[in-house]
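>>> show me how the following folds:
(one chain, ligands or ions: 1)
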Amino acid sequence: MDFKIKRIYSLVFVKDTLNKKILLGYKKRGFGKSKWIGLGGKLHPDESIIECAIREVKEEANIELTSVDKIGYLEYIFEDETNVMAVHVFSADSYSGEISETEEIRPEWFEYGSVPFDKMWPDDRYWFHLMLSNKRFKGHFLYEANLENIKIYDLSEVDNISDI
Ligand SMILES: CNc1ncnc2c1ncn2[C@@H]1O[C@H](COP(=O)(O)OP(=O)(O)OP(=O)(O)O)[C@@H](O)[C@H]1O
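The predicted model follows:
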């Protein structure tokens, strides 16, 4: 039998909607090292996924989100791995404080048209346009064991947050 253990994560995209810019973080260590990613991380025991999103953004970029909107759900399966990553995706367009670099992440603003896909997780190319245009979506991606190639995937837009 093939048991999979689900690990739950938040993934937060802070947007400057006026200037059409998105905040990404250069991951300095750990899983996804040297990639540009959204902010976020593992759900801690006894916190909600929204609390997790807010905590991770504070830990990684030193800002306090004042609104978060749940916009997506993604599952990642890696060949030869027992863990499934279940990722709750959020967008946020208001915060307090000054964005600054932390031990784990170097945050930087990118114009919507200049997102560095070649230095990001390959699946981001599939759903980023949905996230940038405020669509809601869900999807599953099966990665080869090398963590570079996507073997199969599905992705769909959803109308309702409750369908995510
Ligand atoms: C495979 N394709 C992927 N595409 C897009 N984004 C991906 C991703 N895989 C992971 N992510 C995100 O990257 C962050 C890692 O978080 P990660 O560093 O592992 O968590 P956390 O900060 O809790 O860990 P440590 O405290 O360092 O152990 C987390 O937001 C997660 O959603």
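
>>> show me which residues of the chain sit near the ligand.
Applying CB under 6 Å from any ligand atom, we find that the chain lies next to the ligand at 9, 11, 30-32, 37-38, 40-42, 76, 85, 87, 121, 123-124. For every residue, glycine as well, the C-beta is placed using N, CA and C.

>>> now, these that are in helices?
Asp124 (DSSP state H).

>>> can you pick the most crowded of the residues of the chain next to the ligand?
Gly38 (26 neighbours; other CB atoms under 10 Å).

>>> isn't that one up against Gly25?
Yes: here Gly38 reaches Gly25: they are 7.2 Å apart, a contact under CB atoms under 8 Å.

>>> and the longest helix along the chain, which residues are buried?
The single longest helix within the chain, with elements called by DSSP H, is helix 49-61. Residues of helix 49-61 classed as buried: 49, 52-58, 60-61 (neighbour count, 16 or more other CB atoms under 10 Å).

>>> can you redo the residues you listed as JSON lines with pLDDT?
JSON lines is the format used below for these (pLDDT from 0 to 100):
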{"residue": "Ile49", "pLDDT": "97"}
{"residue": "Cys52", "pLDDT": "98"}
{"residue": "Ala53", "pLDDT": "98"}
{"residue": "Ile54", "pLDDT": "98"}
{"residue": "Arg55", "pLDDT": "98"}
{"residue": "Glu56", "pLDDT": "98"}
{"residue": "Val57", "pLDDT": "98"}
{"residue": "Lys58", "pLDDT": "98"}
{"residue": "Glu60", "pLDDT": "97"}
{"residue": "Ala61", "pLDDT": "98"}
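
>>> identify, from these, the entry nearest to Glu104.
Glu60 (5.7 Å; CB to CB).

>>> pull the contacting residues for the closest one.
By CB atoms under 8 Å, 6 or more residues apart in numbering, the contact set of Glu60 is 25, 39-41, 102, 104-105, 107.

>>> mind running it again at 6 Å?
Residues in contact with Glu60 (CB atoms under 6 Å, 6 or more residues apart in numbering) are 25, 39, 102, 104-105.

>>> Tyr76 now?
The neighbourhood of Tyr76, defined by CB under 6 Å, 6+ apart, consists of 85, 141.

>>> could I get the pLDDT score of it?
Per-residue pLDDT puts Tyr76 at 97.

>>> in the strand or helix carrying Phe90, what's buried?
Following DSSP states H and E, one finds Phe90 within strand 83-92. Within strand 83-92, the residues scored as buried using 16+ other CB under 10 Å are 84-85, 87-92.

>>> of all those, which comes closest to Leu65?
Ala92 (4.8 Å).

>>> quick one: the closest one and Leu65 touch, right?
Yes: with contact defined as CB atoms under 6 Å, Ala92 counts as touching Leu65 (4.8 Å).
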